[in-house]
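*Asks:* Please work out how this folds:
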Amino acid sequence: MRILILPNEDGTPLHATRNLVQEARDAYDLARTIFKREANVKLISYGSHPRVEVLDVKPPKAALEPRCRNPFSDGFGEAAWFYLANKQYSVSTIFLGNGAPISAFIVRAIENDTKVGCSPGAVSDTIVVSLRGLTIPNSDDVGPTTIASTTLAHEIGHSCGLNYMAFQEHSDKKNNLMFHSQGTRGTNLNRLQVAGLRNSRFVTYL
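*Replies:* Residues are numbered from 1 along each chain as shown. The predicted model follows:
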């Protein structure tokens, strides 16, 4: 997969004081740890490309603040075309359809900042994570530090078909990666989720 950080409409950094590249790397490392431990799936960066990159194109406001209503309405419009034009492509997977890279776009806000991540599910190879979804506040009394959020891993799970094989969008178990709330969710996957993940079109065996 690749993580692509958007700039603001005028090309300025998405956030003036935060190190978003490092935050994205931390979220990537957390997702990599979860999927390896829970499903023996190794999350890797695509080809020789860096796993995190700041895009040098000026996005429209629609791409910076996507609505994320449903997979069908989100598949059209200015935001969808921007993601389509800037996502990671693989020539081999265009023909084979397997092992496609997932592109995660780091955006300013989602649905008026009421959501922290969004994935159209297994129908798409793009996901979005908001600035607020990259980290969660540290509950320890050590100052205003933050720690990596599970949002990226959670949305990757949706792209791999989780939790849709159970005919529900989220797990009702707080210790599960597919629980809806980023602040209280755990990192576990059950057997059905592991099977679904390992059989996703984004997972290949070398």
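
*Asks:* Which is the succeeding secondary structure element to the helix or strand of the chain with the lowest mean pLDDT?
*Replies:* Least confident helix or strand of the chain, by mean pLDDT, DSSP states H and E, is helix 91-96 with a mean of 54. Using DSSP states H and E, the helix or strand that follows helix 91-96 in sequence is strand 103-107.

*Asks:* Quick one: list the elements packing against that following strand.
*Replies:* Using 3 or more CB pairs under 8 Å, 6 or more residues apart in numbering; DSSP states H and E as the contact test, the elements touching strand 103-107 are strand 2-5, helix 61-64, helix 78-86, strand 126-130, helix 131-134, helix 151-159. Glycine gets a C-beta too; all of them are placed from N, C-alpha and C.

*Asks:* Give the ranges of residues in the protein that sit below the confidence cut-off.
*Replies:* 69-76, 89-99, 138-145, 164-167, 206 (pLDDT under 70).

*Asks:* Could you double-check that residue 179 sits in contact with residue 168?
*Replies:* No. Residue 179 is not in contact with residue 168 according to CB atoms under 8 Å; the separation is 11.5 Å.

*Asks:* Dump the helices and strands packed on strand 103-107 into a markdown table; add distance to residue 203 and mean neighbour count as well.
*Replies:* Compiled in a markdown table, the helices and strands packed on strand 103-107 are given as follows (distance: least, CB to CB, whole Å; neighbours: other CB atoms under 10 Å):
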| stretch | distance to residue 203 | mean neighbour count |
| --- | --- | --- |
| strand 2-5 | 16 | 22 |
| helix 61-64 | 27 | 18 |
| helix 78-86 | 22 | 17 |
| strand 126-130 | 16 | 25 |
| helix 131-134 | 23 | 22 |
| helix 151-159 | 11 | 26 |
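
*Asks:* Among these, which comes closest to residue 101?
*Replies:* Residue 101 lies closest, by CB to CB, to one member of those: strand 2-5, at 6.2 Å.

*Asks:* Just to be sure, residue 32 is in a helix?
*Replies:* Yes. Per DSSP: H, G, I helix; E, B strand; the rest coil, residue 32 lies within a helix segment.

*Asks:* ok, now how distant is it from residue 168?
*Replies:* 26 Å (CB to CB, to the nearest Å).

*Asks:* Compare neighbour counts for those two and give me the winner.
*Replies:* Set residue 32 next to residue 168 and count neighbours by other CB atoms under 10 Å: residue 32 wins out with 19 against 10.

*Asks:* Would you mind listing the residues in contact with the nearest residue to that one once chain neighbours are set aside?
*Replies:* Of all residues not flanking residue 32 in the chain, residue 43 sits nearest, at 4.1 Å (CB to CB, 6 or more residues apart in numbering). By CB atoms under 8 Å, 6 or more residues apart in numbering, the residues touching residue 43 are 1, 28, 31, 32, 35, 36, 156.
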